[in-house]
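Visitor: How does the following fold in three dimensions:
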Amino acid sequence: MIDYFVVKRGNIHTHSLFDPNPGSLYYYTKGWNLKALACWVSAAAFGIPGLIGAYHPSWVSEAARHIYQTGWVVCFVVALTLYFVINLAFPAKVFPSGCEVGSKSFEGLAESEGYLDGERPITFRLSRIEGSEADSLGHDDVNSVEEVMKSDVKR
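Guide: Numbers count the residues shown, from 1 in each chain. Presented below is the predicted three-dimensional model:
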């Protein structure tokens, strides 16, 4: 939630979502967002005493036994706060390198469906699967999603 609403301000770059190459915007560190992973692990650690208290109440304090009942709220708030602080210290990239956009308004990329100036929309191809509904419709071996959608509307 913090990443979308605060850090990236609702700006999701569509081309970068489908770029699996190292150095792309959402590739992070060898495919892992280490900031998010650290926040998740740290927040989960806050729930462990409550989990232990649920099964062995005598092993932990009274407060730890009650943490289990509200553990998801505690863990959520810890992760949210920690991710916010980490991104204040180490700001995340919002746009690809060399494609900095002047306006970083909330959901500014929504007007162009996540594409920057000069980028072409991504089209997907559907493969034919023997015995599938697409096969029974008489589609060619490979069709774009748009072609399949148009043919479904015509039916």
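Visitor: Quick one: residues in contact with stretch 64-74.
Guide: 46-47, 49-54, 57 (CB atoms under 8 Å, 6 or more residues apart in numbering). The way it works is simple: take the backbone N, C-alpha and C, and place the C-beta from them, glycine included.
Visitor: buried subset of those residues?
Guide: Using 16 or more other CB atoms under 10 Å as the burial test, the contacts of stretch 64-74 include 46-47, 49-50, 52-53 as buried.
Visitor: Can you verify residue 118 is assigned to a helix?
Guide: No - with DSSP: H, G, I helix; E, B strand; the rest coil as the criterion, residue 118 is coil rather than part of a helix.
Visitor: The residue with the largest distance to the centre of the chain and residue 32, how far apart?
Guide: Distance from the centre of the chain peaks at residue 58, with 39.7 Å (CA atoms, centre = their mean). Residue 58 sits 39 Å away from residue 32, going by CB to CB, to the nearest Å.
Visitor: repeat for residue 20
Guide: For residue 20 relative to residue 32 (CB to CB), the value is 13 Å.
Visitor: since we're on the residue nearest to residue 91 when sequence neighbours are not counted, how many residues are nearby?
Guide: Counting by CB to CB, 6 or more residues apart in numbering, residue 91 lies nearest to residue 7, which is 7.8 Å off, once chain neighbours are set aside. Residues lying near residue 7 (other CB atoms under 10 Å) number 19.
Visitor: Could you report the pLDDT at residue 101?
Guide: As predicted, residue 101 sits at a pLDDT of 67.
Visitor: Renumber starting at 10 from here on
Guide: Understood, numbering begins at 10; the last thing we discussed is residue 110.
Visitor: Now the element after the helix or strand hosting residue 72, going C-ward?
Guide: In this structure, residue 72 sits in helix 71-76 according to DSSP states H and E. Downstream of helix 71-76, the first helix or strand assigned by DSSP H and E is helix 80-98.
Visitor: tell me which strands and helices the top helix by length along the chain is in contact with?
Guide: With DSSP state H setting the assignment, residue counts place helix 43-64 as the longest helix in the chain. Applying 3 or more CB pairs under 8 Å, 6 or more residues apart in numbering; DSSP states H and E, one finds that helix 43-64 makes contact with helix 71-76, helix 80-98.
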